[in-house]
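# heads up, no residue letters with this:
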């Protein structure tokens, strides 16, 4: 079966996540991150997945936690 997997990352910050790091509204969570907005961590994970035979994956914005949602208001 060949199908793309979806991966959500939590990292230390912008250095690892690249342009994909800006805070997003909860209703926007789960959307695919455009390849041009991926950061170093995405690249490393793509490389490792390719080494085990998974050539296609999409990274997605995660939904903010309840704690994070309260901080932004």
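Here it is on my side, so go on. Note that this is a predicted model, so its numbers are computed, not measured.

# Please enumerate the helices of this protein.
For the chain, the helices defined by DSSP state H occupy 14-17, 40-51, 66-72.

# in the protein, which segments are predicted with low confidence?
1-3, 11-16, 20-28, 63-65, 68-73 (pLDDT under 70).

# do that again at 80, thanks
Counting by pLDDT under 80, the ranges of the chain that qualify are 1-4, 8-30, 62-73.

# Surely residue 30 touches residue 58?
No: assessed by Cβ atoms under 8 Å, residue 30 is found out of contact with residue 58, at 10.6 Å. (C-beta placed from N, C-alpha, C; glycine too.)

# excluding its backbone neighbours, what's nearest residue 8?
In this structure, residue 8 finds its nearest non-sequential neighbour in residue 62, 4.2 Å apart by Cβ to Cβ, 6 or more residues apart in numbering.

# Next, count neighbours for that neighbour.
14 (other Cβ atoms under 10 Å).

# which residues does it contact?
By Cβ atoms under 8 Å, 6 or more residues apart in numbering, the contact set of residue 62 is 8-10, 29-30.

# What of residue 54?
residue 5.

# How about residue 59, nearest residue that isn't a chain neighbour?
Per Cβ to Cβ, 6+ apart, closest to residue 59 is residue 33, 4.6 Å.
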